[in-house]
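Visitor: Below is the structure, and that's it, no one-letter string:
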Ligand SMILES: NC(=O)C1=CN([C@@H]2O[C@H](COP(=O)(O)OP(=O)(O)OC[C@H]3O[C@@H](n4cnc5c(N)ncnc54)[C@H](OP(=O)(O)O)[C@@H]3O)[C@@H](O)[C@H]2O)C=CC1
Ligand SMILES: CCCCCC/C=C/C(=O)O
């Protein structure tokens with residue numbers, strides 16, 4: 001078993017605390033590595049290294065095309081090492097390798113996309129209302145960005161922050177989830193190998209309550225980019241607003257898939273089943289509510305249950321596996337709690353609804369793909385994010401009712417609409433309060449498209465060309481072209 005230290009100023013560095021946390025493989029339930037349990041002094045060291053890189057180090061002297069070139073080289077190294085990185089992630093979070101490997105490879109697209117934007121960052125020459133003056137804007141990086149990331153898609157969600165931030169000239173201190181820290185450490189080493197100067201990417205591991213809080217409260221941090229749960233997100237938001245620094249928050253969801261009578265039912269069934277059960281539902285954008293027009297229920301429900309029953313649970317490293325174990329014991333307990341609520345509140349269990357033994361006879365925690373029908377929108381199972389393989393089916397009659405139910409949660413991350421009626425697709429996609437709407441599809445994302453939440457699903461967006469602005473600040477420069485000083489007094 002290996003001990004992993006922090007990665008600070010381009011090198012491995014043991015935590016000042018001398019303490020380590022065990023990191024467990026959810027499939028074997030065995031500790032497979034130990035990560036540094038860092039404290040505020042380690043955060044200080046990382047921030048100091050980042051500050052030096054930003055203000056006086058080699059990074060501060062690089063041109064935008066040079067930053068782009070480094071991001072491209074990093075993308076190459078990610079692809080070359082994708083198998084190793086994906087296996088680390090699978091070992092840590094139990095998601096199937098068949099999902100994590102393409103996801104890790106896709107990271108390269110984000111790096112390349114923002115590499116291409118690095119040298120397109122430009123201010124503007126402004127028209128002014130002051131004769132004899134000219135004015136222009138400069139787009140400048142913010143400085144040190146704290147990046148706090150979760151366990152569900154560790155490197156992808158880190159890259160969504162890191163690629164635009166570095167393209168814009170910022171530096172990073174990363175706090176990965178305590179459950180999935182090793183991949184971020186390896187990733188930072190690869191960035192160093194790609195040529196990023198020391199201090200540009202620093203990784204400090206440990207607990208959210210210790211490292212995360214110290215980082216968000218640090219006076220030199222210029223922005224916090226966070227993905228995770230609502231409680232963590234709120235804590236980060238409070239800390240950042242106390243210090244008046246900007247945040248992006250990518251939080252949870254209770255995303256609906258809405259199926260109308262005119263839809264291609266085969267497509268809708270596949271979209272709904274994979275939309276909730278991929279990753280065992282451990283996805284912020286899991287399609288955890290299926291809103292189905294009432295006349296379709298008899299036709300769709302047995303087929304949804306049948307398809308859910310075919311999902312193969314097992315060893316996440318095996319190509320035969322569709323869903324691995326639940327990532328953590330607290331998450332497993334949370335899922336059981338949500339299933340119990342659904343039963344107590346009167347939902348009807350269509351399939352699943354209980355833990356299943358590890359198919360290989362091991363100790364891993366698995367939950368059967370679960371579908372509840374007869375769910376009403378005010379039930380806890382229809383309102384709370386489960387972050388597990390649990391689907392709530394809510395019937396509706398009219399388009400208006402579908403829209404009302406779709407918007408009837410505190411969240412607004414994603415939504416799927418299944419219809420062949422273009423008018424309906426347009427009306428619904430405008431009416432739904434969510435950051436992403438898919439029509440006759442579910443869950444596609446791209447580096448070219450902004451992603452993020454309405455309402456309690458978050459603040460700000462990640463992805464798309466405009467998002468580089470979230471890592472820049474604008475400075476206006478006024479030039480007096482005359483030889484007199486306007487507004488001076490006394491004249
Ligand atoms: N939107 C999404 O993609 C995700 C949503 N979730 C939702 O959140 C729930 C809880 O999951 P969990 O992983 O515990 O999510 P958290 O929000 O607790 O964790 C996300 C990250 O934030 C850190 N963190 C936690 N509290 C603070 C804090 N006060 N200040 C700074 N950083 C903090 C965590 O550190 P540490 O891990 O060390 O505690 C982790 O790195 C899930 O059940 C799910 O509903 C979870 C993950 C991703
Ligand atoms: C790959 C499908 C979209 C993912 C959007 C970001 C969330 C990732 C996750 O929850 O794991």
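Guide: In hand now; what should we look at? Treat the numbers as computed from the prediction; the structure is a model and nothing was measured. Residues are numbered from 1 along each chain as shown. Ligands and ions are numbered 1, 2, ... in the order given.
Visitor: quick one: which helix or strand includes residue 54?
Guide: In the assignment (DSSP states H and E), residue 54 maps to helix 40-55.
Visitor: next one: residue 59
Guide: With DSSP H and E as criterion, residue 59 is part of helix 58-61.
Visitor: tell me what that helix is packed against?
Guide: The contact analysis (3 or more CB pairs under 8 Å, 6 or more residues apart in numbering; DSSP states H and E) places helix 58-61 against helix 40-55. No exception for glycine: its C-beta is placed from N, CA and C like everyone else's.
Visitor: same thing but 10 Å
Guide: Here helix 58-61 touches helix 40-55, helix 64-80, going by 3 or more CB pairs under 10 Å, 6 or more residues apart in numbering; DSSP states H and E.
Visitor: Please point out which parts of the last one sit buried.
Guide: Put plainly, it is helix 64-80. Neighbour-count burial for helix 64-80, counted by 16 or more other CB atoms under 10 Å, picks out 64, 67-75, 77-79.
Visitor: Closest to ligand 2 out of those residues?
Guide: residue 78 (16.5 Å; CB to the nearest ligand atom).
Visitor: wait, isn't residue 243 in contact with residue 215?
Guide: No: if you go by CB atoms under 10 Å, residue 243 and residue 215 don't touch, sitting 11.4 Å apart.
Visitor: give me the element the residue positioned nearest the centre of the chain is part of.
Guide: Nearest to the geometric centre of the chain sits residue 157, at 4.1 Å (CA atoms, centre = their mean). Residue 157 belongs to helix 154-167 when assigned by DSSP H and E.
Visitor: Could I get the average pLDDT for that helix?
Guide: Helix 154-167 shows a mean pLDDT of 98.
Visitor: Determine the angle, from 0 to 180 degrees, between it and helix 64-80.
Guide: 170 degrees (axes from the mean of the first three to the mean of the last three CA atoms, to 10 degrees).
Visitor: Just the buried residues of the helix ranked longest in the chain, please?
Guide: The residue-count maximum for a helix in the chain (DSSP state H) belongs to helix 97-118. For helix 97-118, burial by neighbour count (16+ other CB under 10 Å) applies to 97-101, 103-115, 117-118.
Visitor: can you check stretch 26-41 too?
Guide: For stretch 26-41, using 16+ other CB under 10 Å, the buried residues are 26, 27, 28, 32, 33, 34, 35, 36, 37, 38, 39, 40.
Visitor: is the helix holding residue 54 up against ligand 1 anywhere?
Guide: No: against ligand 1, helix 40-55 shows no contacts by CB under 6 Å from any ligand atom, the least distance being 10.9 Å.
Visitor: elements contacting that helix?
Guide: strand 6-8, strand 11-13, helix 58-61, strand 144-148, strand 171-175, strand 201-203, helix 213-216, strand 221-227.
Visitor: now the angle from that helix to strand 221-227?
Guide: Using the same axes, to 10 degrees, the direction of helix 40-55 lies 110 degrees away from that of strand 221-227.
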